[in-house]
Every structure is written in structure tokens, then in C-alpha cells.
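[1] Just a sequence and a predicted model for now, questions to come.
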Amino acid sequence: MEYIFNSLDFVLSNFLDPKKRIFIGYLFSGFCVALIWTIFIKKLTIINSLKFIFDKRIYFAKSAITDYFIYICNLIIIVFFSPILLTQLTIATLIFELLHSQELINPIYNSLIISSIIPVTFTFCYFVFDDFSKFLVHMLMHRVPILWSFHKVHHSAEVLTPMTVFRTHPIEGIIFILRSTFTQGLIIGFFYYVTSGNLNLVTIVGANIFSFTFHLLGSNLRHSHISISYWKWLEYILISPGQHQIHHSVKKEHHDKNFGVTFAFWDLLFKSLVFSRFDQKLVFGLRKNENSHKYNLIGIYIRPVIESYYILKNFLKLFFYKFDLFLKNNQLNLYKFKKDSKNEIY
């Protein structure tokens with residue numbers, strides 16, 4: 001019986017942790033945002049709003065059920081890998097020691113005013129820097145073929161639910177864990193040095209106040225059929241649920257758009273920003289030739305490894321071919337140079 005309770009706790013851990021997106025409090029607040037939107041914007045009755053929000057065709061679709069299984073499988077896999085992954089403390093300590101070995105940046109004087117604004121500044125920088133690293137890695141996931149072979153597991157979802165955020169290949173999961181470790185460790189190490197150890201996050205129930213606010217305002221609706229759009233001026237700043245749903249669209253003009261998680265100005269900077277439209281009709285998933293293993297768990301886990309192997313193999317084959325060609329051309333040029341030099345002497 002104790003084993004069963006421990007297993008349930010293991011599976012439900014993300015729903016009980018305010019640091020996780022699918023914390024039950026965020027799911028409830030997302031439901032409230034969706035209910036207000038359907039009643040006041042879509043003009044549905046309360047009963048019809050509830051039917052629309054909890055559409056069983058979405059939550060019991062094959063794609064959604066696959067998401068649930070992937071969530072459990074990935075939890076088990078990450079447990080085995082987590083002991084060998086780097087920690088934030090390792091990176092933070094390294095950055096702290098490196099900063100101590102230079103003289104360009106010095107710790108700041110901790111006056112009463114400075115001490116009072118440090119926690120807010122640190123918390124904000126922590127959130128923004130982390131969000132930019134998510135954007136950057138996400139963009140690379142789409143534009144680097146070997147990374148796309150893993151990331152397209154996420155894009156194979158044909159319906160979106162809050163659990164779709166966990167529809168990832170374990171390799172992608174490890175990449176994002178390492179991203180988090182490096183970026184957060186970097187900002188922690190830097191601020192710890194600059195503030196001489198006077199370092200605290202501003203939190204609500206243990207979560208970064210900015211992350212808490214972002215999730216509380218309906219972050220889970222990004223992976224849903226609730227296509228909420230913001231005002232256009234706001235979509236220059238924040239990614240709306242509708243904008244992220246465009247990111248999952250199969251339409252060619254939507255490919256490689258809206259990589260941002262929280263902030264939209266990263267996409268604006270990299271020219272990948274697209275605005276959402278009220279009541280947009282989108283189809284989610286991949287091209288037919290990429291979708292053959294969308295429900296098969298073995299295919300979902302194995303096929304990206306095989307694809308990445310062939311991508312790497314072809315890349316190395318092309319690389320060594322061009323390198324060999326480069327060496328041969330250089331040898332030929334060297335031979336000609338020696339021959340011409342010899343003729344000039346005589």
C-alpha cells in the first residue's frame with residue numbers, strides 16, 4: 001500500500017508544486033480565465049462554456065491519451081538521468097569563482113536602498129534571462145535538423161491540452177534541464193558575487209513572483225483549444241495563447257513562428273513574430289510523412305534517435321568529403337606553387 005501511495009505522489013508531484021506549470025492552482029486559474037473569456041467574449045452560456053472548455057473530444061482524443069502516457073514514461077526516465085546531470089550550484093559556484101579572479105566587475109556597496117531593490121532586480125533578471133534562454137533553445141530545436149528530429153515529438157500532438165507541455169522526447173527534456181541549469185546557475189553566480197551573498201528571490205508560495213503571475217494568468221491555455229488573443233500592442237510584448245497555438249499550426253506560413261514562452265519581443269527581434277486572430281481555426285500536428293508514429297510510444301521514443309543517427313552520419317560523410325576535397329586542392333595548389341617557383345629560379 002505504501003508503494004502505491006509513493007507512486008501516486010511521484011506521478012502527481014508536478015500538480016502539487018507551485019514551481020511547475022501544471023500546478024493545480026494554475027490549472028484552476030486557467031479554467032477561470034477560459035470561463036470568463038467564453039462567457040464574455042464568445043457569448044456562450046455557462047453550461048455551453050463548460051462543455052466547450054471540457055470538450056471530451058479533446059481530452060480523450062488519441063493524441064491527448066498519448067500525452068498522458070508520455071508524461072509518466074518521461075518522469076521515470078528523468079529519475080534515472082537526474083543524478084548524472086549538472087546542478088545549478090555547480091554552475092553558480094564556477095561563475096562565482098571566475099568573477100573573483102577578475103577585476104573589471106566588483107561587488108556593489110550594500111546600502112539600505114540598494115539592499116531593498118536587489119531581491120526584485122535579481123528575481124526579474126532571473127525570470128527574463130531564463131525566458132530568453134528558453135526562446136533561444138526552442139528556436140534551435142526548430143532550425144537544427146538533428147534537434148528537430150527530437151522536438152517534433154512535441155509538435156506531433158494533434159490536440160492541445162495542458163499535458164502537451166510534457167509531450168517531449170527525453171533527449172529534449174535533458175537539453176532543457178541543462179539549459180535551465182546553465183542559465184539559472186549563471187545568473188545566480190553573477191548576482192551572488194555582485195551582491196556579496198545578499199541574494200533572495202521574491203517568491204509567492206515558493207515560486208518566482210513573475211513565474212507565478214505568468215502561470216496564474218492562464219499559461220496553460222497556450223496548450224489548449226481555448227484560442228485567446230490579446231490586443232495587438234500587447235502581443236508585441238507577451239505571447240498570447242492564440243500566438244502559441246499558431247506555433248503548433250500545420251500551415252506553412254506558421255512554421256518556425258512564435259518561439260517565445262512569455263515575452264514576444266524575442267520573436268520580434270528575430271523576425272519570427274506572428275499575431276493571433278480572434279476565433280482563428282487551426283489544425284495541429286506534422287506533415288503526413290512525419291506523423292507515422294504519433295500514437296506509438298516505441299516509435300515516439302526510438303524513431304528520433306534513428307533519424308538523428310542518419311542526420312549525423314550524412315553530415316559527417318559530407319564534412320569529411322569536403323575536408324578531403326579541401327586537402328587535395330591544397331596539395332595540388334602547393335605542387336603548382338613549388339613547380340612555378342622552381343621554373344622561376346631556373
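    Now that the structure is in, tell me what you want to look at. Quick caveat, the model's predicted, so the values are computed rather than measured. Numbers count the residues shown, from 1 in each chain.
[2] Phi and psi next, for the residue nearest to N258 when sequence neighbours are not counted.
    Distances taken as C-beta to C-beta, 6 or more residues apart in numbering put H247 closest to N258, at 4.3 Å, once the chain neighbours are dropped. (C-beta placed from N, C-alpha, C; glycine too.) Backbone torsions of H247, given as degrees, to the nearest 10, read phi -60, psi -30.
[3] Check which element follows whatever helix or strand S133 lives in along the chain.
    For S133, the host element (DSSP states H and E) is helix 112-143. Next along the chain after helix 112-143, taking DSSP H and E as the criterion, comes helix 145-155.
[4] Which neighbouring elements make contact with that following helix?
    Applying 3 or more C-beta pairs under 8 Å, 6 or more residues apart in numbering; DSSP states H and E, one finds that helix 145-155 contacts helix 112-143, helix 170-194, helix 297-345.
[5] ends of stretch 237-251, how far apart?
    End-to-end distance of stretch 237-251: 24 Å, with C-alpha to C-alpha, to the nearest Å as the criterion.
[6] now what about that stretch, what contacts it?
    Contacts with stretch 237-251, where a contact means C-beta atoms under 8 Å, 6 or more residues apart in numbering, come from 155, 157, 160, 218, 221-224, 226-230, 234-235, 254, 257-265, 267, 274-277, 280, 282-287.
[7] 7 Å - rerun?
    When contacts are defined by C-beta atoms under 7 Å, 6 or more residues apart in numbering, stretch 237-251 is touched by residues 155, 160, 218, 221-222, 224, 226-230, 235, 254, 257-258, 260-265, 274-276, 280, 282-285.
[8] In helices, which of those appear?
    Using DSSP state H, the subset of the contacts of stretch 237-251 located in helices is 155, 235, 265.
[9] Pull the number of nearby residues for the residue lying closest to the first one once chain neighbours are set aside.
    The one in question is H155. Distance criterion C-beta to C-beta, 6+ apart; nearest residue to H155, sequence neighbours excluded, is L286 at 5.7 Å. L286: 17 surrounding residues under other C-beta atoms under 10 Å.
[10] isn't L286 right next to V153, touching?
    No: using C-beta atoms under 7 Å, L286 makes no contact with V153, being 9.6 Å away.
[11] show me what contacts T123?
    Counting by C-beta under 7 Å, 6+ apart, T123 makes contact with 201-202, 208-210.
[12] how about a cut-off of 10 Å?
    191, 200-203, 208-211 (C-beta atoms under 10 Å, 6 or more residues apart in numbering).
[13] now K252: how far from L50?
    The gap separating K252 from L50 is 35 Å, by C-beta to C-beta, to the nearest Å.
[14] These two - which one has more neighbours?
    Neighbours per residue, other C-beta under 10 Å: of K252 and L50, the larger number sits with L50, 15 against 7.
[15] name the element that one belongs to?
    helix 46-53.
[16] What is that helix packed up against?
    helix 24-40 (3 or more C-beta pairs under 10 Å, 6 or more residues apart in numbering; DSSP states H and E).
[17] helices and strands around the helix it packs on, which ones?
    With contacts defined as 3+ C-beta pairs under 10 Å, 6+ apart, helix 24-40 has these neighbours: helix 2-16, helix 46-53, helix 209-216, helix 241-247.
[18] now, of those, which is deepest in the fold?
    helix 241-247 (a mean of 24; mean count of other C-beta atoms under 10 Å).
[19] Now render the helices and strands packed on helix 145-155 as a markdown table, adding mean pLDDT and distance to K62.
    Converted to a markdown table, the helices and strands packed on helix 145-155 look like this (pLDDT from 0 to 100; distance: least, C-beta to C-beta, whole Å):
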| stretch | mean pLDDT | distance to K62 |
| --- | --- | --- |
| helix 112-143 | 91 | 24 |
| helix 170-194 | 90 | 21 |
| helix 297-345 | 76 | 12 |
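[20] Compare those helices and give me the one nearest T93.
    Relative to T93, the nearest member of the helices and strands packed on helix 145-155 by C-beta to C-beta is helix 170-194, separated by 6.9 Å.
[21] returning to what we had before: what's the overlap in contacts for L286 and V153?
    With C-beta under 10 Å, 6+ apart, L286 and V153 have common neighbours K294.
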